[in-house]
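A.B. asks: Here's my sequence, what's the structure:
(chains A and B)
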Amino acid sequence: EAQVTQNPRYLITVTGKKLTVTCSQNMNHEYMSWYRQDPGLGLRQIYYSMNVEVTDKGDVPEGYKVSRKEKRNFPLILESPSPNQTSLYFCASRHGQGGTDTQYFGPGTRLTVL
Amino acid sequence: DAKTTQPNSMESNEEEPVHLPCNHSTISGTDYIHWYRQLPSQGPEYVIHGLTSNVNNRMASLAIAEDRKSSTLILHRATLRDAAVYYCILRTTGTASKLTFGTGTRLQVTL
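C.D. replies: Below is the predicted model:
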């Protein structure tokens, strides 16, 4: 089954404690991205990657890092989490850059930073 | 990115058709019209997309105005499982092309 998986699904942590949210897709997609969703602000892109070792900032990259060492994985790293990073996070992937490409989303990771 | 405008919310009775409108008056010739929906506690999922012609798939139909400045997502028989936030998005082909989500339309379906 084609899917995007994220782990963990729920995470409560404290300010400053480094964490990583993993994302993996089994569709051999080139393009992957991370979004955060906050009430009233909708989904905003954090980082994206067009292929292995190619990443770039989205609309709200501050406080986040990513890496793309393998095509299937795109982890989101919070080196020093702060309470304003409490949010619902979605990883997504799609085949390429065409206007017809369908984007697949993971189930989400709900992060609370105390 | 070209902007889309959707009503904040709509209601429908179960088993009735639902027409969800979207205005995109600044659409360019290379923009595709995509619709995604987000069910409660889930990630967004693809519904349908089109460029100029009307489109049908197993989930819905997409009617695109002749001038492409508006479109309508049609659910032919709404069910309780269709209750979700529906997003109308314009996609431009390009290397950094991203999905820009607005606030969408929250569809409520009642018995």
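A.B. asks: For residue B:110, list each beta-bridge partner.
C.D. replies: Here residue B:110 sits in beta bridges with residue B:13, going by DSSP bridges.
A.B. asks: does it really touch residue B:11, like I thought?
C.D. replies: Yes. Counting by Cβ atoms under 8 Å, residue B:110 does reach residue B:11; the two are 6.7 Å apart. (Each C-beta comes from the backbone N, C-alpha and C, glycine too.)
A.B. asks: tally of neighbours for residue B:101?
C.D. replies: By other Cβ atoms under 10 Å in any protein chain shown, the residues close to residue B:101 number 21.
A.B. asks: secondary structure class for it?
C.D. replies: Under DSSP: H, G, I helix; E, B strand; the rest coil, the three-state class of residue B:101 is coil.
A.B. asks: Enumerate every residue touching the nearest residue to residue B:80 once chain neighbours are set aside.
C.D. replies: Distances taken as Cβ to Cβ, 6 or more residues apart in numbering or on different chains put residue B:109 closest to residue B:80, at 5.3 Å, once the chain neighbours are dropped. Residue B:109 is in contact with B:11-14, B:18, B:78-80, B:82-83, counting by Cβ atoms under 8 Å, 6 or more residues apart in numbering or on different chains.
A.B. asks: Next, name the residue at the spatial heart of chain A.
C.D. replies: residue A:34 (2.8 Å; Cα atoms, centre = their mean).
A.B. asks: ok but it is inside a strand, no?
C.D. replies: Yes. Remark: residue A:34 belongs to a strand, assigned using three-state DSSP.
A.B. asks: leaving aside the residues next to it on the chain, what's closest to it?
C.D. replies: residue A:46 (4.3 Å).
A.B. asks: before we move on, what about residue B:77?
C.D. replies: That would be residue B:15: by Cβ to Cβ, 6+ apart, it lies 5.4 Å from residue B:77.
A.B. asks: and that neighbour, backbone torsions?
C.D. replies: phi 70, psi 0 (degrees, to the nearest 10).
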